[in-house]
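Engineer: The following comprises the amino acid sequence and a computationally predicted model.
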Amino acid sequence: MKNGKIKSQAVAEEQLNLANRFPTAYSLELHRLIEFQAYLRAEKDGFRQDPAFYWAAAERDIHQYF
């Protein structure tokens, strides 16, 4: 019984470690996508507006897509 409990604890810890790493990777990738989309919008518009405008529009586009 003890060995089974230790194994299950180890598996649970490993799953927790994976879960903790995933949101970081996801948030970094999401940030990168928004950044790239904002740049493309700004470039298309000739960089005429405030960068925050492009960022907000890109966030809206990316969140709608996913």
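Structural biologist: Thanks, I have the structure now.

Engineer: For the lengthiest helix in the chain, which helices and strands make contact with it?
Structural biologist: When the chain is parsed with DSSP state H, its longest helix is helix 2-45. Secondary-structure packing of helix 2-45 (3 or more C-beta pairs under 8 Å, 6 or more residues apart in numbering; DSSP states H and E): helix 51-65. Just so you know, the C-beta spots here come from the backbone N, C-alpha and C atoms, and that holds for glycine as well.

Engineer: tell me what the helix it packs on is packed against?
Structural biologist: Short answer (3+ C-beta pairs under 8 Å, 6+ apart): helix 51-65 packs on helix 2-45.

Engineer: now the helix it packs on, how far from the centre of its chain.
Structural biologist: Averaging C-alpha positions (C-alpha atoms, centre = their mean, to the nearest Å) puts helix 2-45 7 Å from its chain's average.

Engineer: Let me see the mean pLDDT of that helix.
Structural biologist: Computed over helix 2-45, the mean pLDDT rounds to 79.

Engineer: same check, this time on stretch 55-66
Structural biologist: For stretch 55-66, mean pLDDT rounds to 91.

Engineer: Show me how far it is from its chain's centre.
Structural biologist: On C-alpha atoms, centre = their mean, the centre of stretch 55-66 falls 12 Å from that of its chain.

Engineer: contacting residues around it?
Structural biologist: Stretch 55-66 is contacted by residues Leu30, Leu33, Ile34, Glu35, Gln37, Ala38, Arg41 when judged by C-beta atoms under 8 Å, 6 or more residues apart in numbering.

Engineer: Format the residues you listed as CSV; extra columns: neighbour count and distance to Pro51.
Structural biologist: Listed next are these as CSV, based on neighbours: other C-beta atoms under 10 Å; distance: C-beta to C-beta, whole Å:
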residue, neighbour count, distance to Pro51
Leu30, 15, 18
Leu33, 16, 16
Ile34, 20, 12
Glu35, 14, 10
Gln37, 19, 13
Ala38, 21, 7
Arg41, 17, 10
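
Engineer: Understood, closing this out.
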